[in-house]
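In: the sequence and its predicted three-dimensional model are supplied below.
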Amino acid sequence: MATPDQKSPNVLLQNLCCRILGRSEADVAQQFQYAVRVIGSNFAPTVERDEFLVAEKIKKELIRQRREADAALFSELHRKLHSQGVLKNKWSILYLLLSLSEDPRRQPSKVSSYATLFAQALPRDAHSTPYYYARPQTLPLSYQDRSAQSAQSSGSVGSSGISSIGLCALSGPAPAPQSLLPGQSNQAPGVGDCLRQQLGSRLAWTLTANQPSSQATTSKGVPNAVSRNMTRSRREGDTGGTMEITEAALVRDILYVFQGIDGKNIKMNNTENCYKVEGKANLSRSLRDTAVRLSELGWLHNKIRRYTDQRSLDRSFGLVGQSFCAALHQELREYYRLLSVLHSQLQLEDDQGVNLGLESSLTLRRLLVWTYDPKIRLKTLAALVDHCQGRKGGELASAVHAYTKTGDPYMRSLVQHILSLVSHPVLSFLYRWIYDGELEDTYHEFFVASDPTVKTDRLWHDKYTLRKSMIPSFITMDQSRKVLLIGKSINFLHQVCHDQTPTTKMIAVTKSAESPQDAADLFTDLENAFQGKIDAAYFETSKYLLDVLNKKYSLLDHMQAMRRYLLLGQGDFIRHLMDLLKPELVRPATTLYQHNLTGILETAVRATNAQFDSPEILRRLDVRLLEVSPGDTGWDVFSLDYHVDGPIATVFTRECMSHYLRVFNFLWRAKRMEYILTDIRKGHMCNAKLLRNMPEFSGVLHQCHILASEMVHFIHQMQYYITFEVLECSWDELWNKVQQAQDLDHIIAAHEVFLDTIISRCLLDGDSRALLNQLRAVFDQIIELQNAQDAIYRAALEELQRRLQFEEKKKQREIEGQWGVTAAEEEEENKRIGEFKESIPKMCSQLRILTHFYQGIVQQFLVLLTTSSDESLRFLSFRLDFNEHYKAREPRLRVSLGTRGRRSSHT
């Protein structure tokens with residue numbers, strides 16, 4: 001019975017080598033070492049490791065050879081073998097049996113393939129395998145082969161084991177001669193190839209002839225290395241021009257491709273923009289597909305690296321872009337760290353000369369597993385690179401943030417880390433802006449833009465604006481508006497209000513995002529921590545600014561002064577001013593002098609309650625003369641003005657003051673109509689008693705009274721509408737909004753809404769032009785009535801004066817004892833009276849014409865009111881025609897108010 005030492009795989013393998021070469025143990029030490037490397041190689045067949053599939057192939061081969069009994073016996077033996085757990089690598093043994101089942105003497109081409117199989121590994125070993133001379137029992141059999149060894153490691157080898165073989169049989173053309181070792185450059189051409197073929201043939205023949213014993217004594221690594229290459233040779237045969245590539249060579253090429261470097265067999269195809277295995281490479285489909293799948297990492301790496309190389313040198317890319325490139329570089333460093341580990345593993349196996357076993361060697365499938373997570377990261381980074389092309393600043397941060405909205409937690413954590421780096425410059429800009437009011441945005445990356453050409457008086461409105469494209473998607477529009485207001489308020493205080501209060505006294509400055517980690521922590525609580533910082537700075541800054549405007553610059557007092565003087569809210573002042581200005585304003589506009597009107601204004605102020613206003617307000621009140629047109633009187637060009645400057649000019653801009661001027665002219669003209677009608681009524685009351693002795697004149701007076709009453713009613717309703725429904729209601733809304741305003745923008749917006757409302761409801765906007773023209777025509781008719789009535793009264797009073805003088809003269813003569821009047825004088829008096837009576841119908845006709853025109857204009861005005869979209873204007877038409885006087889005359893007014901309103905709303 002043999003000793004365990006003699007049955008060990010090392011002893012059996014050494015005996016095999018001695019039998020093949022016919023030498024002693026000492027002479028075959030190096031060849032034994034090579035055999036160990038061959039058997040321990042990690043090359044595996046490129047077929048699926050299916051034990052039952054191989055068993056079926058063996059049974060089919062036996063049936064093909066008409067050995068049905070052997071096939072049945074094999075099936076029974078395989079069943080028993082499968083039921084026992086003695087052997088671990090059953091598939092490898094079955095595959096070896098299948099590979100060795102063919103007789104090489106019957107198929108010499110296969111023997112040549114087997115010789116090639118063993119010869120492929122041997123010359124590589126001759127370059128790098130150290131010289132070991134030890135007993136076989138001390139040599140391990142679990143070492144694995146590596147495909148390409150460095151020539152430097154062979155410098156320590158004393159002599160090549162292959163070169164010591166004394167057999168040389170050159171048959172057929174030999175490949176180009178090469179030196180196995182640096183010291184063997186003078187070797188005869190083809191000797192090394194001959195020796196490799198001879199040794200490979202002997203190993204193949206021996207393994208085929210001793211199949212049963214080799215099955216029992218082969219180590220764990222033998223089936224993987226031998227049977228795979230034998231299967232490939234049997235499948236491919238002699239390939240001629242194609243070159244045989246091992247998996248180990250592909251692994252080394254793949255590691256270069258991972259870094260974007262072309263390998264020997266895998267190169268970048270610029271036409272198709274992908275890595276491809278050389279077409280002349282003799283590879284199985286599975287290895288080729290696996291190599292292409294792994295090469296995708298190199299393509300992704302190149303894409304990311306090309307982007308970072310291009311953008312890193314572009315200074316206009318800005319700080320956000322450079323942070324993005326730095327984040328990509330950081331991820332690439334982690335990727336390079338993995339590659340360095342893989343290279344170290346490969347170099348370790350190469351330096352040791354033998355492998356550490358199948359479990360630790362590099363294979364394509366292991367690379368697929370180890371690069372699975374890096375591939376996902378690189379795919380994510382490449383997708384980010386594509387999505388971020390042409391973007392910068394906040395727009396770039398938005399593009400990165402869009403990729404955080406994914407259900408994959410691994411991908412989300414990666415993108416959030418990149419976002420924390422990318423958004424750090426944005427948050428630095430933001431905190432510098434809201435805490436210091438400073439904007440250092442050289443490359444226009446921040447969402448707040450500054451225009452240095454804008455002057456100080458337009459700082460609030462025009463200097464700082466939002467770049468909507470640069471607002472990061474993780475910052476809402478409301479937050480960005482508050483950020484803009486905070487910095488704008490600080491600059492407004494410093495530059496316009498000349499308030500140099502330090503920001504730290506206005507705002508309780510909290511810790512900002514001083515590092516990307518702080519930014520990352522902030523992103524985890526955008527709705528609370530970040531929102532809290534923005535809100536705190538916004539409320540404190542805005543409150544301080546409003547306090548300065550109200551206390552130091554009396555903003556609310558100036559607003560009330562506008563209401564009292566420009567919107568005619570100070571009734572006693574306006575009435576007294578009209579009384580004082582009447583003698584001046586009835587003159588032609590070209591004869592007016594502003595200093596005279598200014599003196600009258602000061603007189604009106606001192607004589608009314610306006611004198612109790614602040615001197616600062618009264619100082620700003622002034623007279624303004626509008627542009628003079630031919631035929632204008634003083635009433636047409638006179639206007640009050642209010643001078644604004646400094647911070648309050650931010651609220652009362654030039655556009656606002658022009659609106660105030662338009663409204664004042666409208667209100668001033670309406671107030672003048674009321675003033676005229678008041679004079680007409682006073683004239684009626686005074687002259688009615690005087691003209692009581694002229695009964696023929698009563699009809700004219702009645703017509704004047706009726707027409708004036710119609711006009712008074714119209715003007716009173718218009719004044720009520722303007723004063724209460726428009727001005728007072730709008731002013732009350734404005735005042736409430738101002739009291740509740742949180743920032744200056746709210747006050748400005750409320751003030752603009754107030755002006756727009758009174759402009760539109762006072763018929764001064766473009767949509768109400770037709771109504772305004774009709775209203776001005778009504779005003780013109782009132783002036784015409786005043787002129788006509790003055791002429792009628794003047795003629796009547798002159799006639800009354802002559803009659804009184806005639807009667808007085810008559811009485812005087814009677815007192816003197818003379819005849820009161822002569823026949824000639826009486827005839828002349830009667831003639832004059834007759835002429836006056838003949839003029840009365842003309843007066844009545846003039847008044848009827850005036851009444852007709854006036855009522856026609858009012859009817860047209862009412863028709864326009866009923867079709868207005870403004871509900872208050874439609875109700876105004878109802879009040880103007882409360883007794884349906886005009887409705888009876890105008891068919892278009894007979895449609896009910898509700899129907900008319902509904903029809904206009906649909907229109």
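Out: In hand now; what should we look at?
In: need the strands for this structure, in chain order.
Out: Counting by DSSP state E, one finds strands in the chain at the ranges 243-244, 266-269, 274-277, 281-282, 448-450, 464-466, 621-625, 638-642.
In: show me the one of these that comes nearest Ala327.
Out: Ala327 sits nearest to strand 448-450 of all the strands of the chain, at 24.0 Å, using CB to CB. No exception for glycine: its C-beta is placed from N, CA and C like everyone else's.
In: tell me which strands the closest one pairs with, and in which orientation.
Out: The pairing partners recorded for strand 448-450 under DSSP bridges are strand 464-466 (antiparallel).
In: give me the residues contacting the strand it pairs with.
Out: The contact list for strand 464-466, computed with CB atoms under 8 Å, 6 or more residues apart in numbering, reads Leu439, Phe447, Val448, Ala449, Ser450, Asp451, Ser480, Arg481, Leu484, Gly487, Lys488, Asn491.
In: against Lys463, how distant is the closest residue to the first one other than its chain neighbours?
Out: Taking CB to CB, 6 or more residues apart in numbering as the measure, Leu439 lies nearest to Ser450, with 5.2 Å between them; neighbours along the chain are not counted. According to CB to CB, to the nearest Å, Ser450 stands 6 Å off from Lys463.
In: please say which of those two ends up with more neighbours.
Out: Lys463 (19 against 15; other CB atoms under 10 Å).
In: isn't that one up against Val448?
Out: No - the pair Lys463 and Val448 fails to qualify as a contact (CB atoms under 8 Å) at a distance of 10.5 Å.
In: of the strands of the chain, which is nearest Trp731?
Out: Among the strands of the chain, strand 638-642 comes nearest to Trp731, with 16.0 Å by CB to CB.
In: distance from the closest one to the middle of the chain?
Out: 48 Å (CA atoms, centre = their mean, to the nearest Å).
In: quick one: that strand to strand 621-625, angle?
Out: 140 degrees (axes from the mean of the first three to the mean of the last three CA atoms, to 10 degrees).
In: tell me which strands and helices strand 638-642 is in contact with?
Out: On a contact count with 3 or more CB pairs under 8 Å, 6 or more residues apart in numbering; DSSP states H and E, strand 638-642 meets strand 621-625, helix 654-690.
In: hey, what's the angle from the last one to strand 621-625? Just curious.
Out: Per the same axes, to 10 degrees, the angle that helix 654-690 makes with strand 621-625 is 80 degrees.
In: which parts of the chain belong to which domain?
Out: 247-352+359-390, 405-553, 554-652, 654-892 (the TED database).
In: I'd like those as a markdown table, with distance to Ser24 appended.
Out: Formatted as a markdown table, those follow (distance: least, CB to CB, whole Å):
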| stretch | distance to Ser24 |
| --- | --- |
| domain 247-352+359-390 | 28 |
| domain 405-553 | 61 |
| domain 554-652 | 108 |
| domain 654-892 | 102 |
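In: which of the contacts of strand 464-466 are buried?
Out: Phe447, Val448, Ser480, Leu484, Gly487, Lys488, Asn491 (16 or more other CB atoms under 10 Å).
In: contacting residues around the first one?
Out: Which is Phe447. Applying CB under 8 Å, 6+ apart, the residues near Phe447 are Gly393, Gly394, Leu466, Arg467, Lys468, Met470, Ile471, Pro472, Ile475, Ser480, Val483.
In: isn't the fourth one up against Gly394?
Out: The one in question is Arg467. Yes - between Arg467 and Gly394 a contact is recorded at 7.5 Å, counting by CB under 8 Å.
In: of the two, who's got more company?
Out: Remark: of Arg467 and Gly394, Gly394 carries more neighbours, 30 against 17, as counted by other CB under 10 Å.
In: what number of residues lie near the residue lying closest to the more buried one once chain neighbours are set aside?
Out: Spatially, and ignoring its direct neighbours in sequence, Gly394 is nearest to Met470 (3.6 Å; CB to CB, 6+ apart). Residues within reach of Met470, counting by other CB under 10 Å, total 24.
In: surely Met470 is in contact with Glu395?
Out: Yes - taking CB under 8 Å as the definition, Met470 is a contact partner of Glu395 at 5.6 Å.
In: which helix is the longest one in the chain?
Out: helix 769-815 (DSSP state H).
In: so that helix versus helix 654-690, what angle?
Out: 30 degrees.
In: counting by contacts, list what helix 769-815 packs against.
Out: helix 654-690, helix 698-720, helix 823-866.
In: just send those helices back as CSV, with mean neighbour count, mean pLDDT and distance to Glu247 too.
Out: Formatted as CSV, the helices and strands packed on helix 769-815 follow (neighbours: other CB atoms under 10 Å; pLDDT from 0 to 100; distance: least, CB to CB, whole Å):
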stretch, mean neighbour count, mean pLDDT, distance to Glu247
helix 654-690, 17, 91, 80
helix 698-720, 17, 91, 99
helix 823-866, 15, 88, 93
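In: which of those helices sits closest to Glu884?
Out: Going by CB to CB, the one of the helices and strands packed on helix 769-815 nearest Glu884 is helix 823-866, 10.8 Å.
In: contacting residues around the residue of the chain most remote from its centre?
Out: Residue farthest from the centre of the chain, counting by CA atoms, centre = their mean, is Gly817 at 111.0 Å. For Gly817, the contact set (CB under 8 Å, 6+ apart) is empty.
In: cool, and Phe714?
Out: Per CB under 8 Å, 6+ apart, neighbours of Phe714: Val778, Val858, Leu880.
In: let me know the closest of those residues to Glu627.
Out: Val778 (24.5 Å).
In: pLDDT of the longest helix of the chain, averaged?
Out: Across helix 769-815, pLDDT averages out at 87.
In: distance from it to the middle of the chain?
Out: Using CA atoms, centre = their mean, the offset of helix 769-815 from its chain centre is 75 Å.
In: over to stretch 627-643?
Out: For stretch 627-643, the distance to the chain centre is 52 Å (CA atoms, centre = their mean).
In: what do you get for stretch 595-615?
Out: With CA atoms, centre = their mean as the basis, stretch 595-615 stands 57 Å off its chain's centre.
In: same deal with stretch 390-404?
Out: Counting by CA atoms, centre = their mean, stretch 390-404 comes out at 7 Å from the chain centroid.
In: mind exporting it as CSV, just the C-alpha atoms?
Out: The C-alpha coordinates for stretch 390-404 follow below in CSV (Å, rounded to 0.1, in the frame of the first residue of the first chain):
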residue,chain,number,x,y,z
GLY,A,390,-24.2,74.9,-21.5
ARG,A,391,-25.3,75.8,-17.9
LYS,A,392,-23.6,77.8,-15.2
GLY,A,393,-24.3,79.3,-11.9
GLY,A,394,-27.7,78.8,-10.3
GLU,A,395,-29.0,77.1,-13.5
LEU,A,396,-26.3,74.5,-13.1
ALA,A,397,-27.3,73.9,-9.5
SER,A,398,-30.9,73.5,-10.6
ALA,A,399,-29.8,70.9,-13.2
VAL,A,400,-27.9,68.9,-10.5
HIS,A,401,-30.8,69.3,-8.1
ALA,A,402,-33.2,67.8,-10.6
TYR,A,403,-31.4,64.5,-10.3
THR,A,404,-32.0,64.2,-6.6
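In: may I see the contacts of Phe447 organised as JSON lines, with pLDDT and distance to Arg306 added?
Out: JSON lines is the format used below for those (pLDDT from 0 to 100; distance: CB to CB, whole Å):
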{"residue": "Gly393", "pLDDT": "91", "distance to Arg306": "22"}
{"residue": "Gly394", "pLDDT": "91", "distance to Arg306": "25"}
{"residue": "Leu466", "pLDDT": "94", "distance to Arg306": "34"}
{"residue": "Arg467", "pLDDT": "93", "distance to Arg306": "29"}
{"residue": "Lys468", "pLDDT": "92", "distance to Arg306": "31"}
{"residue": "Met470", "pLDDT": "92", "distance to Arg306": "26"}
{"residue": "Ile471", "pLDDT": "93", "distance to Arg306": "29"}
{"residue": "Pro472", "pLDDT": "92", "distance to Arg306": "26"}
{"residue": "Ile475", "pLDDT": "90", "distance to Arg306": "31"}
{"residue": "Ser480", "pLDDT": "93", "distance to Arg306": "34"}
{"residue": "Val483", "pLDDT": "94", "distance to Arg306": "35"}
